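> Dropping the sequence and predicted coords here.
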Amino acid sequence: NSRGPASLLKDSISLTDASASGLFEGHDLLRRGFTSVKNELLPSHPLELTEKNFQLNQDKTNFATLRNIQGIHAPLKLQMEFRAVKQVQRFPFLHSSNMAMDILRGNDECIGFEDILNDPSQSEVMGEPHMMMEHKLGLL
């Protein structure tokens, strides 16, 4: 106590006091990218949510129809195949056409909007491969 009353004051702030979810937290651009107000907006039209969940709703309808026609084993087998196909992925920085998923859903012979206007060579999004892999593996 050679410093007197000044020794009672805190000289520094510990790291546990400055939490990561504080008021002055900065947005980490390297990990999360740019913030987008568009993602935080509510849907502007009642059908927008239906359109976003179209494939999920169509899968549920197809599973229910398949269960009524062939029994419970058919949709369970198809769901197991969907999960197996979703687990096989390319590196996060490479574009994937998800051909196996299209075959399972029966969309392999259909030409849709995303087939024409979703050309990966014209994509503006290309990230740093090392950083994307580290983020996917939970190292960042």
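Thanks, I have the structure now.
> can you give me the strands in the protein?
Listed in chain order, the strands of the chain (DSSP state E) amount to none at all.
> on contacts alone, who are the packing partners of the lengthiest helix in it?
The helix spanning the most residues in the chain, taking DSSP state H as the definition, is helix 54-70. Taking 3 or more C-beta pairs under 8 Å, 6 or more residues apart in numbering; DSSP states H and E as the contact definition, the neighbouring helices and strands of helix 54-70 are helix 73-87. Placement of C-beta: from N, CA and C, glycine included.
> Tell me the buried residues in the helix it packs on?
Along helix 73-87, these residues count as buried under the neighbour rule (16 or more other C-beta atoms under 10 Å): 75, 78, 82, 85.
> Need those residues in CSV (columns: distance to residue 31 and pLDDT).
Compiled in CSV, the buried residues of helix 73-87 are given as follows (distance: C-beta to C-beta, whole Å; pLDDT from 0 to 100):
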residue, distance to residue 31, pLDDT
75, 38, 94
78, 36, 93
82, 29, 92
85, 28, 92
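> and of these, the nearest to residue 138?
Residue 138 has its nearest neighbour among the buried residues of helix 73-87 in residue 85, at 23.0 Å by C-beta to C-beta.
> Would you confirm that that closest one contacts residue 99?
No: assessed by C-beta atoms under 8 Å, residue 85 is found out of contact with residue 99, at 9.5 Å.
> Any idea how many residues pack against residue 98?
Using other C-beta atoms under 10 Å, residue 98 has 16 other residues around it.
> now swap in the one 5 residues further on and tell me
For residue 103, the number of neighbouring residues by other C-beta under 10 Å comes to 13.
> Need the residues that contact the one helix or strand in the chain whose mean pLDDT sits lowest.
Lowest by mean pLDDT, DSSP states H and E among the helices and strands of the chain is helix 29-32, with a mean of 72. Applying C-beta atoms under 8 Å, 6 or more residues apart in numbering, the external contacts of helix 29-32 come out as 131, 135, 140.
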